[in-house]
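>>> No letters, just coordinates:
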């Protein structure tokens, strides 16, 4: 069981919403991480700078958080690395199939009233819940 943290959770949600809104207002772009990542690999060279800078900001923020509050990160792998790799591949495949991820559909799509974003987010959440249920039944946790 995890600790209930409503204030930090609300603050984090507000920051995510604010940053997604600012990206849309200032650059006219949706803050969908999988699309930004995919485009960093496949987009024309003129469009890669923004994408690489965005991704570098995500990684840098995580690294900075690790420096400031290392206790926020588990001391070692919680899940075997091979299983994490398979999960990452499946998530990446799913985001390509679904034309986006939870940040694009869930944060940006729902806030814009996108029916596609709403349906995709419901499917993401339901699939995640079923996956956790099956994993706990198999793993006994």
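Cool, got the structure. Keep in mind that what you see is a predicted model, and the values were worked out from it rather than measured. Residues are numbered from 1 along each chain as shown.

>>> May I see the buried residues of the lowest-mean-pLDDT helix or strand in the chain?
Of all helical and strand segments in the chain, the minimum by mean pLDDT, DSSP states H and E falls on helix 81-97, at a mean of 86. Neighbour-count burial for helix 81-97 flags residue 95 (criterion: 16 or more other C-beta atoms under 10 Å). All C-beta spots, glycine's among them, are computed from the backbone N, C-alpha and C.

>>> Quick one: list the elements packing against it.
helix 33-42 (3 or more C-beta pairs under 8 Å, 6 or more residues apart in numbering; DSSP states H and E).

>>> got any ranges where this protein has weak pLDDT?
Regions of the chain meeting the criterion pLDDT under 70 cover residues 1, 77, 140-141.

>>> So which residue is dead centre in it?
Against the mean C-alpha coordinate of the chain, by C-alpha atoms, centre = their mean, the closest residue is residue 103 at 5.3 Å.

>>> residues near the closest residue in space to that residue that isn't next to it in sequence, how many?
Once its chain neighbours are removed from consideration, residue 103 has its nearest residue in residue 33; the separation is 4.7 Å (C-beta to C-beta, 6 or more residues apart in numbering). Using other C-beta atoms under 10 Å, residue 33 has 17 other residues around it.

>>> measure residue 33 to residue 49 for me?
17 Å (C-beta to C-beta, to the nearest Å).

>>> Mind telling me what element the closest residue to residue 31 other than its chain neighbours is part of?
Nearest non-adjacent residue to residue 31, counting by C-beta to C-beta, 6+ apart: residue 20, 4.2 Å away. For residue 20, the enclosing helix or strand under DSSP states H and E is helix 6-27.

>>> Before I go, just wanted to say thanks for your time.
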